[in-house]
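Trainee: Need a 3D model of the following:
(one chain, ligands or ions: 2)
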Amino acid sequence: MSSSKLFFFFLFIFLSFSYVKISAKSFTFSSDITALQAFKAAIKTSSIKPFSCLGSWNFTNDPCSIPRTYFSCGLLCTGNRVTQLTLDPADYVGTLTPLLSKLTQLITLDLSTNKFYGPIPPLYALTDLQTLVLRFNSFSGSVPPSLTSLKSLETVDLSHNYLMGSLPNSVSSLGNLKRLDLSYNKLTGSLPKLPANLIELAIKANHLSGFLYKSSFDGLTQIEVVELSENSFSGTLEAWFFLLPALQQVDLANNSFTRVDIPKPTNKNSDLVAVDLGFNKIEGYLPVNFADYPQLASLSLRYNRLRGPIPGEYSKKESLKRLFLDGNFLNGSPPAGFFNGATSVSGSLGDNCLQKCPVSSQLCLKSQKPSSICQQAYRGKPMS
Ligand SMILES: *[C@@H]1O[C@H](CO)[C@@H](O)[C@H](O)[C@H]1NC(C)=O
Ligand SMILES: *[C@@H]1O[C@H](CO)[C@@H](O)[C@H](O)[C@H]1NC(C)=O
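Mentor: Ligands and ions are numbered 1, 2, ... in the order given. Reported below is the predicted structural model:
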């Protein structure tokens, strides 16, 4: 090595060391450190196990500096800013500090499967936040309206908490939101207008009520999954619903719908694959138009108040693999197509008023209703 090369070599070593020294003191953006300290301080020390992520957070060291002897998990930095807070499921008990709002470059906040309680604080300043996952905790209070000002949000999963009150009307302003899961909470009220780019909506097992209005779903050209089972929705499920252009999976079981209006698909390439309308109060005849949905593989209308015969079209439908029609007042003879090996449908036609449901078929294992109940159900009406 020439002497000048040697000089630069030592200069380089010197600079690298001084850089490490500086970074060890204050590399991380200082208000990010304040936020992380407040975040940890709001969690009961007794619930922080030594080998958990939070157990490794030691603020005499720098959170974002490398190598990671301390802060070995639970957060990710991009440069000197904290961009991800993804805790391990370690039964942390605590509240969520509003000072988290200081992490202004946070992209992901995931605290799933812990024991956070109390309200979800307003997080106004987290304008870069794309993923908010707080599922399986004990958060209470309302879905904070401030959430709807976080315009970068793409995924919000607050399922399995104790959230109450109604959904903020401003939720429709979340133009980037693709996935919203609020299942297993105690939400009340009706469904507001939904964000236009939503792909998956899940609000199962809450106390939502009222009708499903077209205005809630207007412009939702990408919605594929709608899971609203175990609520108290009522009224008619109207034709526009099944014409949502990207719809694939519908679970509206265990509500109080009384009518369903199934249109013929306007799009020959309809992707509708699964529909569960079981345990409602749907009256009328079985909608024959279901047979026209080319991909439909699973259909449940079990435990409703349907009457009349099973359309022969159902038994000719090759895509259909699961069919549950049990617990209605269907009558007549079930289409022979179900039993001659032409299709391979599983499910149940039991607990109806069907005649000649062959017990050799798995579809007919569950017995039919007693004739007295069937006579009562059809009293004054022509038996078809
Ligand atoms: C925190 O880190 C310092 C070294 O930077 C160490 O001396 C101290 O013991 C650590 N504290 C805990 C609780 O591990
Ligand atoms: C719907 O309600 C029925 C009857 O109460 C119950 O057996 C079933 O487990 C419920 N299904 C769901 C998905 O909640």
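Trainee: And for Pro98, the neighbour number?
Mentor: Residues lying near Pro98 (other C-beta atoms under 10 Å) number 17. Yep, even glycine has a C-beta here, placed from its N, CA and C like the rest.
Trainee: Could you check the pLDDT of the residue lying closest to it once chain neighbours are set aside?
Mentor: Nearest non-adjacent residue to Pro98, counting by C-beta to C-beta, 6 or more residues apart in numbering: Pro121, 3.8 Å away. The model reports Pro121 with a pLDDT of 95.
Trainee: Identify the residues contacting Pro121.
Mentor: With contacts defined as C-beta atoms under 8 Å, 6 or more residues apart in numbering, the neighbours of Pro121 are Leu96, Thr97, Pro98, Leu100, Ser101, Pro144.
Trainee: how about the fifth one, phi and psi?
Mentor: For Ser101, the backbone dihedrals (degrees, to the nearest 10) come out as phi -60, psi -20.
Trainee: what's the answer for the fourth one, then?
Mentor: Comment: the main-chain dihedrals of Leu100 come out as phi -60, psi -20, following degrees, to the nearest 10.
Trainee: Going by residue numbers, what spans are helices in the protein?
Mentor: Secondary structure of the chain (DSSP state H): helices at 3-26, 30-41, 214-217, 239-242, 312-315, 371-377.
Trainee: rank the ones you listed by pLDDT, which is bottom?
Mentor: Mean pLDDT values for the helices of the chain show the minimum at helix 3-26, a mean of 48.
Trainee: residue in the stretch 101-250 of the chain nearest to ligand 1?
Mentor: Asn114 (21.4 Å; C-beta to the nearest ligand atom).
Trainee: What separation do you get for that residue and ligand 2?
Mentor: Separation of Asn114 from ligand 2 (C-beta to the nearest ligand atom, to the nearest Å): 26 Å.
Trainee: next one: Phe59
Mentor: Counting by C-beta to the nearest ligand atom, the gap from Phe59 to ligand 2 is 46 Å.
Trainee: show me what contacts the residue of the chain at minimum distance from ligand 2?
Mentor: Nearest residue of the chain to ligand 2 (C-beta to the nearest ligand atom) works out as Asn254 at 3.9 Å. Neighbouring residues of Asn254 by C-beta under 8 Å, 6+ apart: Ser229, Glu230, Asn231, Gly278, Phe279, Asn280.
Trainee: Compare these and tell me which has the most neighbours.
Mentor: Neighbour tally across the contacts of Asn254 (other C-beta under 10 Å): the maximum, 25 neighbours, falls on Asn280.
Trainee: Tell me the predicted confidence for it.
Mentor: On the pLDDT scale, Asn280 gets 98.
Trainee: do Gly380 as well
Mentor: Gly380 carries a pLDDT value of 61.
Trainee: Now do the same contact list for the residue nearest to Gln84 when sequence neighbours are not counted.
Mentor: Nearest residue to Gln84 in three dimensions, chain neighbours excluded: Leu76, at 3.9 Å (C-beta to C-beta, 6+ apart). For Leu76, the contacting residues are Val82, Thr83, Gln84, Thr86, Thr108, by C-beta under 8 Å, 6+ apart.
Trainee: Roughly how far does the closest residue to the first one other than its chain neighbours sit from ligand 1?
Mentor: Counting by C-beta to C-beta, 6+ apart, Val82 lies nearest to Asp32, which is 4.7 Å off, once chain neighbours are set aside. If you measure Asp32 against ligand 1 using C-beta to the nearest ligand atom, the figure is 19 Å.
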